[in-house]
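Enquirer: build me a model from this:
(one chain, ligands or ions: 1)
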Amino acid sequence: MLHAENEYTYERITEIKDFIKSKCDIDPKVGIICGTGLGSIGELITDAFILDYKNIPYFPISTVEGHKGRLILGYIKTVPVICMQGRFHYYEGYSLSKCVMPVRLMKLLGVTHLIASNAAGGLNQDFKIGDIMLQKDHVNVMGFSGNGPLVGLNDLRFGPRFFSMVNAYDVDLLESAKKIAEELGLKNIKEGVYTCVGGPTYETVAEVRALRSMGIDAAGMSTVHEVTTARHCGMRCFAFSLITNICPIDYSTAVESEIHSNDVIEVAMSKDKDLKLFVERIVQFIGKNDLNSVK
Ligand SMILES: O=P(O)(O)O[C@H]1O[C@H](CO)[C@@H](O)[C@H]1O
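Expert: Numbering: from 1, shown residues only. Presented below is the predicted three-dimensional model:
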């Protein structure tokens, strides 16, 4: 068999959901995934009920720096939320179906909207470090080789076998986020296309050129499979990338601009005030305008 069977069946994820429900009676509507160094978004949550991943049955653990490995349920401005303070990446040795299990868990807990954040490298050379790129779309480069989170038998209780990825990044949410950013006076807002590379290596110059020629603006190692899974089960999605570095497109300057993961975390953490405010307002917006729009 080409692909290992997905160990996270509907029944198994239901077990995890029941475990969480037995500990906490919050019914989250908005799911948030914190990117590398962006865990402080979790500090927005009031009446927080916190579970370490290691204490949740069948949960993987976070193995990378900048990801605390905690699930937080609570409220952001009265909107019930669930937040992953730390996500799972393919390069950690987890299959894509394992990486996205928490998205399906969110669905079973009642989540209708997903906000995914990530740290990413700017392929678009007009971007600057510290820019916030609102994701308008993605290119699933890992999917080109048939490696996706939904490969294998399809369980209709999650969603259909085939489905459209048009509007994967909900246009209404994107437009509202742009307005919110403007109201907040955030000046470094960009819009663009994201891709997930397998990692853990950052890109070669040739890869940067290839990805750029495909119309991709930022590269990371996450989010694409999470949003794909969220769309499969009918969630509305919004995602943004904090541009932590500019990917070298020129051999003559590539070595001096070499990237280190500490820089990624440092840049991400330095933007936490703006990003917390931004996420808070988006959640508030969803709570006021959008919560009933998804069954
Ligand atoms: O996508 P997030 O989790 O933000 O993390 C990004 O930052 C790490 C690389 O420094 C990679 O894991 C990349 O995906």
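
Enquirer: neighbours of the closest residue to residue 39 other than its chain neighbours, just the number please.
Expert: Take residue 39 and drop its neighbours on the chain: the residue closest to it by Cβ to Cβ, 6 or more residues apart in numbering is residue 85, 4.5 Å away. Where C-beta positions appear, they are placed from N, C-alpha and C, glycine not excepted. Counted with other Cβ atoms under 10 Å, the neighbours of residue 85 add up to 24.

Enquirer: do the one 10 residues further on as well
Expert: The tally of other residues near residue 95 (other Cβ under 10 Å) stands at 21.

Enquirer: do you know how far it is from the ligand?
Expert: Separation of residue 95 from the ligand (Cβ to the nearest ligand atom, to the nearest Å): 16 Å.

Enquirer: and the residue nearest to residue 39, what's its pLDDT?
Expert: Residue 85 is assigned 97 on the pLDDT scale.

Enquirer: now do residue 254
Expert: With respect to pLDDT, residue 254 has a value of 89.

Enquirer: check contacts around it.
Expert: By Cβ atoms under 8 Å, 6 or more residues apart in numbering, the contact set of residue 254 is 205, 248.

Enquirer: tell me the residues of the stretch 51-200 of the chain that contact the ligand?
Expert: Within reach of the ligand by Cβ under 6 Å from any ligand atom, the stretch 51-200 of the chain has these residues: 87, 89, 118, 119, 199.

Enquirer: what's across from residue 119 in the sheet?
Expert: residue 242 (DSSP bridges).

Enquirer: can you verify my assumption that it contacts residue 34?
Expert: No. Look at residue 119 against residue 34 with Cβ atoms under 8 Å: they stay out of range, at 10.1 Å.

Enquirer: now for the closest residue to residue 27 other than its chain neighbours: which residues touch it?
Expert: Leaving aside its sequence neighbours, residue 27 sits nearest to residue 110 (Cβ to Cβ, 6+ apart; 5.0 Å). Each residue near residue 110 by Cβ under 8 Å, 6+ apart is listed here: 27, 28, 29.

Enquirer: which of those residues fall in strands?
Expert: Within these, no residue falls in strands by DSSP state E.

Enquirer: the residue of the stretch 51-200 of the chain found nearest the ligand: how many residues sit nearby?
Expert: Residue nearest to the ligand within the stretch 51-200 of the chain (Cβ to the nearest ligand atom): residue 118, separated by 3.5 Å. As a burial measure, residue 118 scores 27 neighbours (other Cβ under 10 Å).

Enquirer: correct me if wrong: it contacts residue 37.
Expert: No. Judged on Cβ under 8 Å, residue 118 makes no contact with residue 37 at a distance of 10.0 Å.

Enquirer: need the residues touching each of the two.
Expert: In contact with both residue 118 and residue 37: residue 242, using Cβ under 8 Å, 6+ apart.

Enquirer: put the alpha carbons of stretch 25-34 into CSV.
Expert: Extracted as CSV, the C-alpha positions of stretch 25-34 are listed here (Å, rounded to 0.1, in the frame of the first residue of the first chain):
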residue,chain,number,x,y,z
ASP,A,25,-17.9,22.8,28.8
ILE,A,26,-17.0,25.6,26.4
ASP,A,27,-18.4,25.2,22.8
PRO,A,28,-15.8,26.9,20.6
LYS,A,29,-16.9,28.5,17.4
VAL,A,30,-13.6,29.9,16.1
GLY,A,31,-10.4,27.9,15.8
ILE,A,32,-7.1,29.6,15.9
ILE,A,33,-3.7,28.1,15.0
CYS,A,34,-0.6,30.0,16.2
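
Enquirer: pLDDT on it, on average?
Expert: On average, stretch 25-34 scores 98.

Enquirer: please apply the same query to stretch 40-59.
Expert: Here the average pLDDT along stretch 40-59 is 98.

Enquirer: got the buried residues for stretch 23-39?
Expert: By 16 or more other Cβ atoms under 10 Å, the buried positions in stretch 23-39 come out as 24, 26, 28-39.
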